[in-house]
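K.L.:
okay, sequence plus prediction incoming.
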Amino acid sequence: MFQAYGFGYEEYTTKLSRRLEVEKRREEEYQKSLNIVAELDRKFHSHT
């Protein structure tokens, strides 16, 4: 956790602001991955 977010699990579990920060970043990364998959899907299906 420290490498990815710059703080440890103990701080994550004790500070609401840190949990919200992590969850917001996770959600953003998830949405980006969905966009990438959708774009690849459009490119793949437009050529068949």
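P.N.:
Everything's here; your move.
K.L.:
quick one: contacts of stretch 16-31?
P.N.:
Y5, F7, E11, Y12, T13 (Cβ atoms under 8 Å, 6 or more residues apart in numbering). All C-beta atoms are positioned from the backbone trio N, CA, C, and that covers glycine.
K.L.:
does the third one sit in a helix or strand, and which one?
P.N.:
Going back to what we said before, that points to E11. helix 9-14 (DSSP states H and E).
K.L.:
can you map out the helices along the protein?
P.N.:
In the chain, the helices defined using DSSP state H lie at 2-5, 9-14, 16-46.
K.L.:
any stretches of this protein with poor pLDDT?
P.N.:
With pLDDT under 70 as the threshold, the chain has low-confidence stretches at 47-48.
K.L.:
ok so, going back, show me which of the contacts of stretch 16-31 is closest to V37.
P.N.:
The closest of the contacts of stretch 16-31 to V37 turns out to be Y5 (Cβ to Cβ; 24.1 Å).
K.L.:
what separation is there between the closest residue to the closest one other than its chain neighbours and S46?
P.N.:
In this structure, Y5 finds its nearest non-sequential neighbour in V22, 5.7 Å apart by Cβ to Cβ, 6 or more residues apart in numbering. The gap separating V22 from S46 is 36 Å, by Cβ to Cβ, to the nearest Å.
K.L.:
so between those two, which is more surrounded?
P.N.:
V22 (15 against 7; other Cβ atoms under 10 Å).
K.L.:
residues near G6, how many?
P.N.:
Neighbour tally, G6, other Cβ under 10 Å: 10.
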